[in-house]
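**Student:** Mind folding the following:
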Amino acid sequence: MQKIYLLVGCPGVGKSWVTRQLASSFTPIEHDEYRDYEERYVPTLLRIARTGTKPVIANTPFGVSEIMAEIDRGGGVCVPIFIVDAEERVKARYEARDGKPIPSGHLTRQKTYMKRAHNLGAFMGNSDQVLKHLQSLL
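**Tutor:** Residues are numbered from 1 along each chain as shown. I've put the predicted structure just below:
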């Protein structure tokens, strides 16, 4: 079974960018394509990890604890990696992409993700640092 690398971070932090940069070395799964992830997202991750030849890299903006637990129950190997960045940079990316201000709750979530990364002993950095870290694992 291939490992499933979960890129965790608030919207606008660079998860999709990292995923695109690594698409030739990992099997990328965009969370946004699986809005009903409880029914399709995690089963898809597990199926690809079981049958694929490359590790899976998946964007996970919300519900990371539930997703990690479900992957574990399904026999998968989950490696969370947290992307955080300066608030101004995240705000600018989000506004450029969505054409509206970022909800304040998204920025507050970054602090939660920092604590969670620390508690899990998971890698954490900005999108450039995460990209370099994942490239070093190949």
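
**Student:** drop to CA atoms for contacts and neighbour counts, all remaining ones
**Tutor:** Fine.

**Student:** In this structure residue 42 contacts residue 72, no?
**Tutor:** No - the criterion here is CA atoms under 8 Å, and residue 42 misses it with residue 72 at 10.2 Å.

**Student:** So those two - more neighbours on which side?
**Tutor:** residue 42 (22 against 13; other CA atoms under 10 Å).

**Student:** is it true that the more buried one lies in a helix?
**Tutor:** Yes - with DSSP: H, G, I helix; E, B strand; the rest coil as the criterion, residue 42 is part of a helix.

**Student:** Could you check how far it is from residue 57?
**Tutor:** In this structure, residue 42 and residue 57 are 12 Å apart, going by CA to CA, to the nearest Å.

**Student:** Going along the chain, name the helices of this structure.
**Tutor:** Using DSSP state H, the helices found in the chain span residues 15-21, 41-51, 64-73, 87-98, 104-120, 127-136.

**Student:** And the contacts of the longest one?
**Tutor:** The set of residues that contact helix 104-120 without belonging to it, under CA atoms under 8 Å, 6 or more residues apart in numbering, is 8-11, 81-82, 84, 87, 123-124.

**Student:** need those in TSV with distance to residue 112, pLDDT and neighbour count, can you?
**Tutor:** Converted to TSV, those look like this (distance: CA to CA, whole Å; pLDDT from 0 to 100; neighbours: other CA atoms under 10 Å):
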residue	distance to residue 112	pLDDT	neighbour count
8	11	96	25
9	10	94	29
10	10	92	24
11	14	90	22
81	14	98	25
82	11	97	27
84	10	96	25
87	14	94	15
123	15	98	17
124	12	98	23
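
**Student:** Now distance to residue 130 too, for those, in a markdown table please.
**Tutor:** Shown next, in a markdown table, are the contacts of helix 104-120 (distance: CA to CA, whole Å):
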| residue | distance to residue 130 |
| --- | --- |
| 8 | 11 |
| 9 | 11 |
| 10 | 14 |
| 11 | 16 |
| 81 | 8 |
| 82 | 8 |
| 84 | 10 |
| 87 | 17 |
| 123 | 8 |
| 124 | 7 |
